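*Asks:* sequence? don't have it. structure:
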Ligand code: ZN
């Protein structure tokens, strides 16, 4: 852990890549992990792009059971660590596979959300943008089944990347660029299994950047990392914050 923190403190252009593990400590379930909800085939079906088009009401009722949790979660020490590193001018960007918005809640400003986010949405017909919070509350209280566009009555979809959806290209391009320019990539709470995010450490390594991985379980990149720390992110962040 000390070695990892030394590397972080000497980096000038760090990029962080975060996955579900950074938010499980905030009480948000890991959708893809070994016991994740996305192992549930029927839920995966409901949360896929084709079934959203077919039955958005089923998506909103199932999806909100998951999102209810997200709406009340607070950023963890690891989220705070990344915000502080950015504030100090040491960290250029956070790339995240999470949709929960906890990086922004912690104060991070440059955040690339590879799987989108649940806070905003858009009309699937005319592309008008919406804040989703008020819709979620109405759906939860039973007053609304599917949010509709006030301009064209089209179905509004949250900006979440569903199964069989395309990745948001702007977030992906920005992530690739950031990975190619960093001097250290800090991976927090991702097992680096889901592509294309899992390809980003390779881009950083190819450019000569250092790689530091903090994750409870092994990852595919462990043997190429300068340091791998198998620890709780809270413990790691507490130690790193104490040194800042
Ligand atoms: Zn519309």
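*Replies:* Nice, I can see it. Treat the numbers as computed from the prediction; the structure is a model and nothing was measured.

*Asks:* now the helices for the protein?
*Replies:* 2-10, 21-24, 41-46, 49-54, 56-71, 77-87, 102-106, 133-140, 169-181, 200-206, 233-243 (DSSP state H).

*Asks:* Please work out which of the ones you listed is packed deepest.
*Replies:* Comparing the helices of the chain by mean neighbour count (mean count of other C-beta atoms under 10 Å), helix 21-24 comes out on top with a mean of 26. Placement of C-beta: from N, CA and C, glycine included.

*Asks:* which residues does the closest residue to residue 164 other than its chain neighbours contact?
*Replies:* If the residues on either side of it in the chain are set aside, residue 164 comes closest to residue 49, at 4.5 Å by C-beta to C-beta, 6 or more residues apart in numbering. Contacts for residue 49 were tallied using C-beta atoms under 8 Å, 6 or more residues apart in numbering; they are 162, 163, 164, 165.

*Asks:* Considering these, which is situated nearest to residue 99?
*Replies:* Set against residue 99, the nearest of the contacts of residue 49 by C-beta to C-beta is residue 162 (10.5 Å).

*Asks:* That closest one contacts residue 53, doesn't it?
*Replies:* No: in this structure residue 162 lies outside contact range of residue 53 using C-beta atoms under 8 Å: 9.9 Å.

*Asks:* quick one: the longest strand seen in the chain to helix 169-181, angle?
*Replies:* Assignment by DSSP state E gives strand 116-123 as the longest strand of the chain. Angle, strand 116-123 to helix 169-181, by axes from the mean of the first three to the mean of the last three C-alpha atoms, to 10 degrees: 150 degrees.

*Asks:* List the buried residues of strand 116-123.
*Replies:* Residues of strand 116-123 classed as buried: 116, 117, 118, 119, 121, 122, 123 (neighbour count, 16 or more other C-beta atoms under 10 Å).

*Asks:* Dump those residues into a markdown table; add distance to residue 223 and pLDDT as well.
*Replies:* Formatted as a markdown table, the buried residues of strand 116-123 follow (distance: C-beta to C-beta, whole Å; pLDDT from 0 to 100):
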| residue | distance to residue 223 | pLDDT |
| --- | --- | --- |
| 116 | 32 | 92 |
| 117 | 33 | 91 |
| 118 | 35 | 89 |
| 119 | 37 | 89 |
| 121 | 41 | 96 |
| 122 | 42 | 97 |
| 123 | 47 | 98 |
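
*Asks:* Intersect the contacts of residue 49 with the contacts of the ion.
*Replies:* Among those, no residue is within reach of the ion (C-beta under 5 Å from the ion).

*Asks:* could the residues you listed go into a markdown table alongside pLDDT and neighbour count?
*Replies:* As requested, the contacts of residue 49 are exported to a markdown table (pLDDT from 0 to 100; neighbours: other C-beta atoms under 10 Å):
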| residue | pLDDT | neighbour count |
| --- | --- | --- |
| 162 | 87 | 20 |
| 163 | 82 | 14 |
| 164 | 83 | 11 |
| 165 | 87 | 16 |
